[in-house]
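Visitor: from the sequence below, what's the structure:
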Amino acid sequence: MSTVFAKRFEGKVGIVTGAGSGIGRATIIRFIEEGGIAVGIDIVPERLADLENELTSKGLSVKTVAGDLMADSTIDAALAAAGPRVDVLINNAGIMDDFVPIDELDDELWDRVIGVNVTSVMKLSRAIVKLMLKAGKGSIVTIASAASFKSGIAGSAYVSSKHAVTGLVKSMATLYGPKGIRSNAVA
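Guide: Residues are numbered from 1 along each chain as shown. Take a look at the predicted model:
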């Protein structure tokens, strides 16, 4: 870790979804290594246990919530774990659709992809924005995809979901930027 950023997040409280693997795991580890206090959410409890073990071996700690982001109880548990303030939200959790074209797409897959990739982002962001408005500041970073801008990268449900995520991020940026809350997408 660069010493330039060694304490960049000191005292900041963050929530990271999809924290058990991939981008989410790397993000939450870096956030904590740079002094942040973090809550990691993932649907797979074993991944969170592995994350906790890794951080503990480095003398660091993380709060974790295992659950489905579509469930209000998971969002409530994350808010309770974070405490009264959240400075940073990283909406990272997402799922693919196995490149299923629309003529083969069933309602169950559509609902699941849209639910995880869009609705859960909206629900958690909505809860966090309320806290950030009270503080007058905050940062929401949502992991998008190249599929947010073009097709041919995945199936119909995934491409649609990532287009929707980009629209949601733009809406939040427009509405809450003037109130001190940044909203950005990383593709």
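
Visitor: which secondary structure elements does the helix or strand that contains residue 167 contact?
Guide: Using DSSP states H and E, residue 167 sits in helix 156-176. Judged by 3 or more CB pairs under 8 Å, 6 or more residues apart in numbering; DSSP states H and E, the packing partners of helix 156-176 are helix 107-114, helix 120-135, strand 138-143, strand 181-186. Yep, even glycine has a C-beta here, placed from its N, CA and C like the rest.

Visitor: between it and helix 120-135, how big is the angle?
Guide: Angle, helix 156-176 to helix 120-135, by axes from the mean of the first three to the mean of the last three CA atoms, to 10 degrees: 10 degrees.

Visitor: tell me the average confidence for helix 156-176?
Guide: What helix 156-176 shows for mean pLDDT is 97.

Visitor: go on, stretch 34-50?
Guide: pLDDT averaged over stretch 34-50 gives 98.

Visitor: any idea how far apart the tips of it sit?
Guide: Separation of the first and last residues of stretch 34-50 by CA to CA, to the nearest Å is 20 Å.

Visitor: what about the closest residue to residue 73 other than its chain neighbours, how many neighbours?
Guide: Leaving aside its sequence neighbours, residue 73 sits nearest to residue 67 (CB to CB, 6 or more residues apart in numbering; 6.7 Å). When neighbours are counted by other CB atoms under 10 Å, residue 67 registers 17.

Visitor: do the same with residue 124
Guide: Other residues close to residue 124 by other CB under 10 Å number 24.

Visitor: roughly how far apart are the residue nearest to it when sequence neighbours are not counted and residue 125?
Guide: Leaving aside its chain neighbours, residue 124 sits nearest to residue 75 (5.6 Å; criterion: CB to CB, 6+ apart). According to CB to CB, to the nearest Å, residue 75 stands 10 Å off from residue 125.

Visitor: what's the answer for residue 103, then?
Guide: 33 Å.

Visitor: check residue 33 too.
Guide: 25 Å.

Visitor: please identify which of these two sits among more neighbours.
Guide: More crowded of residue 33 and residue 125, by other CB under 10 Å: residue 125, with 21 against 17.
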